[in-house]
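In: build the 3D model from these lines:
(one chain, ligands or ions: 1)
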Amino acid sequence: MFKKPEIKLQTTTLWEYPSQHYGPGVHGDKNYVGATPSWIIWNLLQRYTRPNDLVVDPMAGSGTTLDVARELGRRALGYDLQPTRPDIFRVDARKLPLENEKADFVFVDPPYSTHVDYSDDPRCIGKLDAADADYLAAMDLVCREIFRILKNRRYLALYVSDSFKKSQAAPFVPLGFQLFGVLSKLFKPVDIICVVRHNAKLKRGHWHKAAEEGNFFLRGFNYLLIMKKETDSPAPTRPPAGKSDKKPGKQKNNFTRGEF
Ligand SMILES: C[S@@+](CC[C@H](N)C(=O)[O-])C[C@H]1O[C@@H](n2cnc3c(N)ncnc32)[C@H](O)[C@@H]1O
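Out: Numbering: from 1, shown residues only. Model (predicted):
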């Protein structure tokens, strides 16, 4: 029988775990179409948050972010146009009811074009085709709201896949790159993680046959775009060059920033 491996920190830019959820706990709803793998959120919260921090998910879906955050002793706030449970508030992510600079960390997994029908609400961003300028315009507004509610020098992670629809004249839309462009107008890019997908469709032989015969590729990875809010502030994020109290010879390893 398949046994989930113990959850541990990912240390490269290629993230993989063989199950949607880690551990014995319940995180979101595994039957919710489009649920985020909980082990991704666990890894992000370990790195970018501390106990009692406020974690916000403006498109909370089945509540995976909220469950992982609370399990780790963080506070959590979730919004969505189509709440699936009472602790998620019905809100359009383009107009969040939170004061400026309240969140210590924001995670968001938005719709990637029209692949999933999330609700009948006409404001659902999942009703906008990725190839249509309206999709990016809507996501631009969501990113601006995230910027507004996030505290300075804190982090945001956005999980997204490129969009591919064989039936369309322009089947491929590089959503990962496009949303990176939207975010980097506001935030400082920290890293781009490639997350291996374990989508059920990828296990179906006929999908692979169609990809081979039709000369296209199935989506094998999602992007995890990690960004930091850094506005002009008198408080520096790290000691100015030459003022560090760490002597170069005392570093644990010989890596420099450029070598990664
Ligand atoms: C990929 S799902 C999120 C999955 C979630 N992270 C989870 O683990 O269950 C995207 C969500 O965005 C929501 N959504 C779409 N447009 C929205 C909007 N304008 N404001 C808030 N939520 C929106 C959908 O209702 C859907 O729940």
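In: need the strands for the stretch 51-200 of the chain, in chain order.
Out: Per DSSP state E, counting those that start in this stretch, the stretch 51-200 of the chain carries strands over the ranges 54-57, 75-80, 88-90, 103-108, 150-160, 163-164, 172-173, 188-196.
In: buried stuff in stretch 106-117?
Out: 106-114 (16 or more other Cβ atoms under 10 Å). In short, each C-beta sits where N, CA and C put it, glycine included.
In: need the strands of the stretch 51-200 of the chain in JSON lines with distance to residue 22, can you?
Out: Formatted as JSON lines, those follow (distance: least, Cβ to Cβ, whole Å):
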{"stretch": "strand 54-57", "distance to residue 22": "17"}
{"stretch": "strand 75-80", "distance to residue 22": "17"}
{"stretch": "strand 88-90", "distance to residue 22": "22"}
{"stretch": "strand 103-108", "distance to residue 22": "16"}
{"stretch": "strand 150-160", "distance to residue 22": "16"}
{"stretch": "strand 163-164", "distance to residue 22": "28"}
{"stretch": "strand 172-173", "distance to residue 22": "31"}
{"stretch": "strand 188-196", "distance to residue 22": "14"}
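In: out of those strands, which is closest to residue 29?
Out: Nearest to residue 29 among the strands of the stretch 51-200 of the chain is strand 88-90; the distance by Cβ to Cβ comes to 11.6 Å.
In: tell me if the closest one is near the ligand.
Out: No - Strand 88-90 stays clear of the ligand (Cβ under 6 Å from any ligand atom), getting no nearer than 8.6 Å.
In: what does the stretch 1-150 of the chain put close to the ligand?
Out: Going by Cβ under 6 Å from any ligand atom, the residues of the stretch 1-150 of the chain near the ligand are 28, 32, 34-36, 59-62, 64-65, 79-82, 92-94, 109-111, 118-119, 123-126.
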